[in-house]
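> Next comes the sequence, and after it the predicted model I'd like to discuss.
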Amino acid sequence: MSIHRLLPLFERARAANEPLVLATVIRTGGSTYAKPGAQMLIAADGEYAGLLSGGCLEGDLREHAREVSASGAARIVSYDMRSTNDMLFGLGAGCEGAMDVLLTRVTAQEHWQPLEHMAAAFRSGEECRLAFVTSSEDGGIPPGTCLAGHALPAGTAASAASLLALRDAAVNAPGNTLLRLPEPAVELFVAAIAPPPRLLLLGGGPDSRPVATLASFLGWRITVVDHRASYLASARFPAGTELIESRPSDVASVVRLENCQAAVVMSHHLDSDLQYLRILAHTTIPYVGLLGPAARREKLLGDLGTDAARLRPRLRAPVGLDIGGRSPEAIALAIVGEVQAVLSGRGGRPFTETAG
């Protein structure tokens, strides 16, 4: 789930004090565009952010969202297009999948929860855990009741013991799963939204800008380090990019390297790259990319000496996937694509080779 896609609409609606409806996929079957945990946000005027399908279901969901917004009562909308005639719903989607979507209203009356919790988790780079009651036999805990993090839901008639049982289940359950509790007698969907990865760019030259731009589009956090102040003008990078002027040898003291999931060495300066690689060799950052040809890589690894063995299993050099193209934008796409694949535990192969 890309929370950053929902935040602008949330901020707009909150400023205008207009209700929103949060749509959360809680169950799927067959081939579906979105999986459990995916979300979209629907405003009172029909504007929406996020996608649960390729545009097939969003229009219908907006109609249901109007009713949820007016009544305040949560509902589950089900779609099943696995039949031979997928025109059953008049959508013609051809996805051959089924999906249950929970719609819940979010307003100032609920203190903008769980959206406020989601926004705060995104800003702090922390995991966000939510739990939604999807069905209930307890009159004090209506469907749509939401728990955000460790906070107990307000405004319910449930007993303290029941609420504590809900919270404990939500905190300890695997993410993006449905579970049924015997006491209180409810079904709960627990969503766990991972924090965005932090990408460290060691070098702020012209070819680092498209890398930062693509990473920002994906909602990643970006830190750019360079010893040349002229490369660190904020106008050159997406809003929110952390820019740090530092000598390569001082990187470990100015960047919290343990918070980075990927680092790309791209200073175009041999000695600087060597110092960056030496520092990265002593970290546990799972993805380390190095810009430049294989001969340059081997020279740098040779100069690293015994530190090279620490780095080799994680080093991607030349950095990026082999997608063709030599422009800075194409190279950036290759780099970001490889980082995405590695952090997701994938090999970056075509779907035509992996389907089925």
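That came through fine. Just so it is clear, the structure is predicted and the values come from calculations on it, not from any experiment. Numbering: from 1, shown residues only.

> Now do the helix or strand hosting Arg66: everything it contacts.
In the assignment (DSSP states H and E), Arg66 maps to helix 58-71. For helix 58-71, the external contacting residues (C-beta atoms under 8 Å, 6 or more residues apart in numbering) are 19-21, 23, 40, 42, 44, 46, 48, 51-52, 74-75, 77, 79, 89, 91, 101, 103-105. Any C-beta I mention is one placed from the backbone N, CA and C, and that applies to glycine too.

> Put the alpha carbons of that helix into CSV.
What follows is helix 58-71, C-alpha atoms only, in CSV (Å, rounded to 0.1, in the frame of the first residue of the first chain):
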residue,chain,number,x,y,z
GLU,A,58,-13.7,2.5,-8.5
GLY,A,59,-16.8,4.1,-10.0
ASP,A,60,-19.1,1.5,-8.4
LEU,A,61,-17.3,1.9,-5.1
ARG,A,62,-17.9,5.7,-5.2
GLU,A,63,-21.6,5.1,-5.3
HIS,A,64,-21.4,2.9,-2.2
ALA,A,65,-19.2,5.4,-0.5
ARG,A,66,-21.8,8.1,-0.8
GLU,A,67,-24.2,6.0,1.2
VAL,A,68,-21.6,5.1,3.8
SER,A,69,-20.6,8.8,4.1
ALA,A,70,-24.3,9.8,4.6
SER,A,71,-25.2,7.0,7.1
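
> Report the rounded mean pLDDT for it.
The pLDDT scores in helix 58-71 average 94.

> likewise stretch 218-237?
Summarised as a single mean, pLDDT over stretch 218-237 is 96.

> Can you list the buried residues in that stretch?
Applying a neighbour-count criterion of 16 or more other C-beta atoms under 10 Å, one finds 219-227, 231-232, 236-237 buried in stretch 218-237.

> do stretch 177-189 as well
Buried residues in stretch 177-189 (16+ other C-beta under 10 Å): 178, 181, 184, 186-189.

> and of the residues you listed, the nearest to Ser2?
Phe189 (19.0 Å; C-beta to C-beta).

> Turn the buried residues of stretch 218-237 into a markdown table, including secondary structure.
Compiled in a markdown table, the buried residues of stretch 218-237 are given as follows (DSSP: H, G, I helix; E, B strand; the rest coil):
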| residue | secondary structure |
| --- | --- |
| Gly219 | coil |
| Trp220 | coil |
| Arg221 | strand |
| Ile222 | strand |
| Thr223 | strand |
| Val224 | strand |
| Val225 | strand |
| Asp226 | strand |
| His227 | coil |
| Tyr231 | helix |
| Leu232 | helix |
| Arg236 | helix |
| Phe237 | coil |
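
> which regions of the stretch 101-250 of the chain sit below the pLDDT cut-off?
Regions of the stretch 101-250 of the chain meeting the criterion pLDDT under 70 cover residues 154-155.

> If we use 80, what do you get?
149-159 (pLDDT under 80).

> Please enumerate the helices of it.
Taking DSSP state H, counting those that start in this stretch, the helices of the stretch 101-250 of the chain run over residues 115-124, 160-172, 208-217.

> Of all those helices, which one comes closest to Leu333?
Nearest to Leu333, of all these, is helix 208-217, at 6.4 Å by C-beta to C-beta.

> His4 - nearest residue in space that isn't next to it in sequence?
Spatial nearest neighbour of His4, chain neighbours left out: Gly219 (3.8 Å); criterion: C-beta to C-beta, 6 or more residues apart in numbering.

> so which of the buried residues of stretch 218-237 comes closest to Gly125?
Among those, and counting by C-beta to C-beta, the member closest to Gly125 is Arg221, at 6.1 Å.

> Test my guess that the closest one contacts Leu200.
No. The pair Arg221 and Leu200 fails to qualify as a contact (C-beta atoms under 8 Å) at a distance of 9.5 Å.

> need the longest helix for the protein.
The longest helix of the chain (DSSP state H) is helix 328-343.

> what's the average pLDDT for it?
Averaged across helix 328-343, the pLDDT comes to 96.

> what helix or strand is Gly302 on?
Here Gly302 is covered by helix 294-304, with elements defined by DSSP H and E.

> Please enumerate residues in contact with the next helix or strand after that helix?
For helix 294-304, the following helix or strand on the C-terminal side (DSSP H and E) is helix 307-311. For helix 307-311, contacts defined as C-beta under 8 Å, 6+ apart pick out 277-278, 280-282, 288, 301-302, 304.
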